[in-house]
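> Generate a structure from the sequence data that follows.
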Amino acid sequence: MTLSSEEQVAGRRTPENVAARLEQLILDGVFRPGQLLPSERRLCERLKVSRASLREGLRILRSKQIIDTRQGHGSTVASLLPMHQQSPLMHLFNDHPRTLFDLLEVRALLEGESAFLAARRGTSMDRVVITRRYREMADYVEQAAPIEVEPLARLDHAFHLAISQASHNPVLVHTLQSLTDLLLSSVFASVKHLYHREGPREMINRQHARLHDAVVAGDAEQAKQVALEHLTSISELLRELEAESERLERSAMRIEPW
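Next up, the predicted model:
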C-alpha cells in the first residue's frame with residue numbers, strides 16, 4: 001500500500017517525526033551542545049510544522065534529556081556525553097602526565113580519519129570554516145607578541161575541530177567533542193613545551209599549513225598522512241624533551257653531595 005503525498009506530509013508533521021528531525025540536526029552538528037535552539041516560531045517555519053506538534057516534539061526530546069528547557073529562556077542542546085572537568089579520566093590525566101602520549105596516539109587515530117573524511121566529504125561551506133579557523137590561528141602566530149599559550153592552544157584546537165566537523169560523521173564529531181578537555185590538555189602541552197623552540201615551532205606551522213591545504217584541496221590520502229605525521233612528530237619531540245630532562249636530573253644527582 002502506497003501512501004498519498006498528503007499522508008506523507010502529515011506523517012512528517014507528527015510530534016515523533018518532529019523530534020526525530022531535531023535529533024538528526026543535533027547529530028549533524030547543526031545544533032551543538034550548549035547551543036540555544038531557535039525560537040518556536042522560527043523552528044515551525046523551517047520545519048513546516050504546527051506549534052502544537054513542535055512543542056510535543058520538544059517535550060519528547062526533554063524526556064530523553066537531549067535538550068534542557070528553562071522557562072523564559074528557551075531550550076538548549078544538552079551535553080550529549082559527560083564533559084565534567086573533574087571526571088575520573090581528567091583526574092587520571094592530571095595525576096599521571098605520561099598519559100599524554102596515550103592521548104596523542106588516540107588523537108592520531110581519530111584526527112587522521114577525520115582529516116581523510118573531511119577532505120573527501122567536506123562541502124564548500126565546510127572549507128570556508130576550516131580556512132577561517134586556520135587563518136585565525138596563523139594570524140595570531142604572526143601578530144601576537146609575545147605568543148601566549150592559552151589563546152594559541154584554543155585556536156589550534158578550533159582548527160582541528162573544524163576539520164572533524166567536516167567529516168560529516170556524527171559519532172566521530174561527538175566523540176572528539178566529548179574529549180575536549182583532554183584534547184586541549186594535549187594541545188596546551190605541545191604549545192607550552194615546543195612552541196618557544198624555533199625548530200618545532202616552524203615544523204608545527206608548516207604541518208598546519210599542509211593539513212589545511214590538503215583538506216581544502218580534497219586530497220584525502222595526503223590529509224590523513226599529514227595529520228598522522230603532525231601528531232606523531234609532536235609525540236616524538238615531547239618524548240625527547242622528557243628524556244633530556246631525565247638525563248639532566250640524573251647528572252645533577254651525581255654531582256650534588258648526598
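
> all contacts plus neighbour counts: C-alpha atoms, from now on.
Fine.

> can you pull the contacts of residue 43?
Residues near residue 43 by Cα atoms under 8 Å, 6 or more residues apart in numbering: residue 54.

> Which residue is the nearest non-sequential neighbour of residue 31?
residue 25 (6.1 Å; Cα to Cα, 6 or more residues apart in numbering).

> Tell me, what's the model's pLDDT at the most centrally placed residue in the chain?
Among the residues of the chain, the one closest to the centroid is residue 161, at 3.3 Å (Cα atoms, centre = their mean). pLDDT recorded at residue 161 is 90.

> Can you name every helix or strand that whichever strand or helix holds it contacts?
Secondary structure from DSSP states H and E places residue 161 in helix 149-165. Helices and strands touching helix 149-165, by 3 or more Cα pairs under 8 Å, 6 or more residues apart in numbering; DSSP states H and E, are helix 99-121, helix 124-143, helix 170-178, helix 180-194.

> go again using 6 Å as the cut-off
helix 124-143, helix 180-194 (3 or more Cα pairs under 6 Å, 6 or more residues apart in numbering; DSSP states H and E).

> Wait, residue 78 touches residue 64, no?
No. Counting by Cα atoms under 6 Å, residue 64 is not a contact partner of residue 78; they are 10.1 Å apart.

> What are the contacting residues of the helix holding residue 161?
The contact list for helix 149-165 (Cα atoms under 6 Å, 6 or more residues apart in numbering) reads 114, 130, 133, 134, 137, 173, 187, 188, 192.

> By neighbours, which of these wins?
residue 114 (30 neighbours; other Cα atoms under 10 Å).

> Count the residues that sit near residue 138.
Counted by other Cα under 10 Å, the residues lying close to residue 138 total 17.

> Residue 78 and residue 64: which is more packed in?
The neighbour count for residue 78 versus residue 64, taken as other Cα under 10 Å, is higher for residue 78 (18 against 10).

> about what we covered before: out of the contacts of helix 149-165, which comes closest to residue 34?
Among the contacts of helix 149-165, residue 173 lies closest to residue 34 (Cα to Cα), at 15.1 Å.

> Can you give the domain ranges for this protein?
5-77, 89-252 (automatic domain parsing).

> Would you mind finding the most buried of the ones you listed?
Mean neighbour count, computed with mean count of other Cα atoms under 10 Å, is highest for domain 89-252 among those, reaching a mean of 18.

> on that earlier part again, how far away is the residue nearest to residue 31 from residue 166?
15 Å (Cα to Cα, to the nearest Å).

> Residue 255 now?
Taking Cα to Cα, one finds residue 255 at 55 Å from residue 166.

> where does the chain have low pLDDT?
1-12, 80-98, 181, 244-254, 256-258 (pLDDT under 70).

> 50 instead?
1-11, 83-85 (pLDDT under 50).
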